[in-house]
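[1] Sequence plus predicted model, see below.
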Amino acid sequence: MKSLEERIREIEDRLEIYNLIAGQPPSADTGAGDYTASVWTEDGEFDRGADFPVPRGRVAIAAGSSNPEHRRAQEHGIAHFAGLPYVRITGDAAFAISYLQIVVPDRVGPEFDVPNHGKTRGFHIHRISANRWDFVRGVDGWKIKCRRLRSLDGGEPAREILRGAFAD
Amino acid sequence: MKSLEERIREIEDRLEIYNLIAGQPPSADTGAGDYTASVWTEDGEFDRGADFPVPRGRVAIAAGSSNPEHRRAQEHGIAHFAGLPYVRITGDAAFAISYLQIVVPDRVGPEFDVPNHGKTRGFHIHRISANRWDFVRGVDGWKIKCRRLRSLDGGEPAREILRGAFAD
Amino acid sequence: MKSLEERIREIEDRLEIYNLIAGQPPSADTGAGDYTASVWTEDGEFDRGADFPVPRGRVAIAAGSSNPEHRRAQEHGIAHFAGLPYVRITGDAAFAISYLQIVVPDRVGPEFDVPNHGKTRGFHIHRISANRWDFVRGVDGWKIKCRRLRSLDGGEPAREILRGAFAD
């Protein structure tokens, strides 16, 4: 039987984890390296699959969102868009399964006009991925220990990540 | 005046409901029938509108996400993507109003290259729907009693669902 | 050191703010003026950038979602779609940084058939924006004091909003 204090703490944990997931799009879309370094563990691992480098450690991960190529993506227009995550906490460890879109401006299509909402060429979903996040609690709060994502293109790797939501 | 324990319990209820909504995309996208059966009431009803069958009962609803047609959708690439839901709890009942996208890979368009984010043909929103969820609390936690969704195609049925957020 | 009651209250604040953000899409997509007026401060300001009027005060803001042009957008099909927001509370003030899509039906493209999910012409992201919300707590709960949004089209103003998530 948990005490009220323990129950409150677990709720606060949950909300802290929501903010860690919600903070990823603004940090990726602005190249906020200091923030990124502050939310990963020293030995964190960010795995986007075989087509991308797999940075290890908070320094390398933070560098990934502030390199010149990433900066070009920002100037081209890029938005990371996070759906509602599924989160489970067990003591000082937690995981989340979440969906993430990468959205970019459409530069080639026709313009569309929506009443009261202006005219645009629209935006395009460049990628939608299944994400697994593993978190640990340290002396200075929750940190991201591992994040693994795979494109939801019909392949098995993304489904394997999603199935993690229901594993015991 | 609610006690601290009652207030904590209502918060836990809210977070449990967030996870029920967040668990739907991974279960639909992997055909997790056992999980689906475990989160619906015995007499649950899942209503996607006149163009689709309306399964009644947790067994029928769970079967819907593991049939061969649904499996074909998964192999083609399908992602359910849940927005932030509006949730209200009243004792042992609750409802949520949420938006949901169904996203599929674009198989016909040109490839686009985004710096630091690879090359894809992009993804396409196949449907976006307004969802109303009704939940009840039983002896083994919160369950989905009814979920009704309608396409946000400009028609009245979707708006009627959304207006439920503000009804007393 | 916060008391249990203070900690519970801050959690309730957080959940109330989630609902304020989650309530915006249903109210915008149905023109729920009374609801809109009820969640803004008397002197609230809604700033969508230089291409749009900047209504000031809850009455003017509520009128914006029930004018004939906005009504035409609803009949054409319009869906506001909110991602997971980043939220921080400090006493009786709070802010959130969130992403929002405006999605409309595609009226011109080819039809696509997804197994078990019907046939549609699909939907189109008309705009994706970075949003900053400032909230204050009054005698009747949390209200929106200011909401500012800018299109994530590669320009600096949207990034400036996003950076607010990490400012002290």
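    Cool, got the structure. Numbers count the residues shown, from 1 in each chain, chains lettered A, B, ... in the order given.

[2] How about chain A: which residue is closest to chain B?
    Nearest residue of chain A to chain B: residue A:154, at 3.3 Å (C-beta to the nearest C-beta). C-betas here are computed from N, CA, C, even on glycine.

[3] Is residue A:94 part of a helix or strand, or is it coil?
    Put simply, residue A:94 is strand when judged by DSSP: H, G, I helix; E, B strand; the rest coil.

[4] How about it, nearest residue that isn't a chain neighbour?
    Once flanking residues are discounted, residue A:94 sits nearest to residue A:135: 4.4 Å by C-beta to C-beta, 6 or more residues apart in numbering or on different chains.

[5] Now do the contacts for that neighbour.
    A:17, A:20, A:93, A:94, A:95, A:96, A:142, A:143, A:144, A:145 (C-beta atoms under 8 Å, 6 or more residues apart in numbering or on different chains).

[6] Hmm, residue A:15 and the fourth one touching each other?
    To tie it back to what came earlier, the one meant is residue A:94. No: counting by C-beta atoms under 8 Å, residue A:15 is not a contact partner of residue A:94; they are 11.8 Å apart.

[7] Helices of chain A, residue ranges please.
    Assigned by DSSP state H, the helices in chain A fall at A:4-30, A:33-39, A:58-64, A:68-76, A:156-163.

[8] so who does the residue of chain A found nearest chain C touch?
    Distance from chain C to each residue of chain A (C-beta to the nearest C-beta) is smallest for residue A:77, at 3.3 Å. Going by C-beta under 8 Å, 6+ apart, residue A:77 touches A:104, A:105, C:152, C:153, C:154, C:155.

[9] Quick check: which ranges of chain A have low pLDDT?
    Along chain A, segments meeting pLDDT under 70 are nowhere present.

[10] for chain A, what's the longest strand?
    Longest strand of chain A, by residue count under DSSP state E: strand A:123-138.

[11] Distance check, the nearest residue to the residue of chain A closest to chain C once chain neighbours are set aside against residue A:74.
    Closest residue to residue A:77 apart from its sequence neighbours, by C-beta to C-beta, 6+ apart: residue C:154 at 3.3 Å. Note on residue C:154: its distance to residue A:74, by C-beta to C-beta, to the nearest Å, is 7 Å.

[12] Neighbour count: those two, which is higher?
    Neighbour totals were compared for residue C:154 and residue A:74, and residue A:74 leads with 23 against 17 (other C-beta atoms under 10 Å in any protein chain shown).

[13] what's near enough to touch the more buried one?
    Applying C-beta under 8 Å, 6+ apart, we find residue A:74 in contact with A:29, A:30, A:31, C:154, C:159.

[14] Equivalent analysis for residue A:164, please.
    Counting by C-beta under 8 Å, 6+ apart, residue A:164 makes contact with A:95, A:97, A:132.

[15] is the last one in a bridge, and if so with what?
    Yep, that's residue A:132 we're talking about. For residue A:132, the beta-bridge partners under DSSP bridges are residue A:97, residue A:148.

[16] any idea how far it is from residue B:77?
    19 Å.

[17] so how far is the longest strand of chain A off the chain centroid?
    Relative to its chain's centre, strand A:123-138 lies at 4 Å (C-alpha atoms, centre = their mean, to the nearest Å).

[18] next one: stretch A:122-131
    Chain-centre distance of stretch A:122-131: 13 Å, with C-alpha atoms, centre = their mean.

[19] Could I have the CA atoms of it written out in PDB?
    Extracted in PDB, the C-alpha atoms of stretch A:122-131 (Å, rounded to 0.1, in the frame of the first residue of the first chain):
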ATOM      1  CA  GLY A 122       0.700  23.400 -47.000                       C
ATOM      2  CA  PHE A 123       3.000  21.200 -45.100                       C
ATOM      3  CA  HIS A 124       4.100  17.600 -45.700                       C
ATOM      4  CA  ILE A 125       4.700  14.700 -43.200                       C
ATOM      5  CA  HIS A 126       8.300  13.700 -44.000                       C
ATOM      6  CA  ARG A 127       8.400  10.900 -41.500                       C
ATOM      7  CA  ILE A 128       6.300   9.400 -38.800                       C
ATOM      8  CA  SER A 129       8.000   7.200 -36.300                       C
ATOM      9  CA  ALA A 130       7.400   4.900 -33.300                       C
ATOM     10  CA  ASN A 131       9.600   5.900 -30.400                       C
END
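
[20] Would you confirm that residue A:25 contacts residue A:83?
    No: counting by C-beta under 8 Å, residue A:25 does not reach residue A:83; the two are 11.0 Å apart.

[21] joint contacts of those two?
    Contact criterion C-beta under 8 Å, 6+ apart; residues bridging residue A:25 and residue A:83 by contacting each: A:100, C:83.

[22] and the gap between residue A:166 and residue B:39?
    10 Å.

[23] quick revisit: neighbour-wise, which of residue A:94 and residue A:15 wins?
    The neighbour comparison of residue A:94 against residue A:15 (other C-beta under 10 Å) goes to residue A:94, with 22 against 19.

[24] ok now do that one, which residues does it touch?
    Residue A:94 neighbours (C-beta under 8 Å, 6+ apart): A:13, A:17, A:87, A:88, A:134, A:135, A:136, A:137, A:142.

[25] Make CSV from those residues and add distance to residue A:5 to it.
    As requested, the contacts of residue A:94 are exported to CSV (distance: C-beta to C-beta, whole Å):
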residue, distance to residue A:5
A:13, 13
A:17, 19
A:87, 20
A:88, 20
A:134, 25
A:135, 21
A:136, 21
A:137, 16
A:142, 18
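
[26] Tell me the most packed of those residues, by neighbour count.
    Among the contacts of residue A:94, residue A:135 has the most neighbours (other C-beta under 10 Å), with 25 neighbours.

[27] what would the contacts of residue A:164 look like in JSON lines with neighbour count?
    Converted to JSON lines, the contacts of residue A:164 look like this (neighbours: other C-beta atoms under 10 Å in any protein chain shown):
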{"residue": "A:95", "neighbour count": "20"}
{"residue": "A:97", "neighbour count": "22"}
{"residue": "A:132", "neighbour count": "19"}
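
[28] Tell me the one of the residues you listed nearest residue A:65?
    residue A:132 (19.3 Å; C-beta to C-beta).

[29] so the closest one touches residue A:145, yeah?
    No: counting by C-beta under 8 Å, residue A:132 does not reach residue A:145; the two are 11.1 Å apart.

[30] where's residue A:29 relative to residue A:79, distance?
    Taking C-beta to C-beta, one finds residue A:29 at 6 Å from residue A:79.

[31] who has more neighbours, those two?
    More crowded of residue A:29 and residue A:79, by other C-beta under 10 Å: residue A:79, with 29 against 25.

[32] ok, and the most crowded of the contacts of residue A:77?
    Within the contacts of residue A:77, residue C:152 tops the neighbour count with 30 neighbours, counted by other C-beta under 10 Å.

[33] Quick one: residues contacting it.
    When contacts are counted by C-beta under 8 Å, 6+ apart, residue C:152 touches A:29, A:77, A:78, A:79, A:103, A:105, A:123, C:99, C:128, C:129, C:130, C:158.
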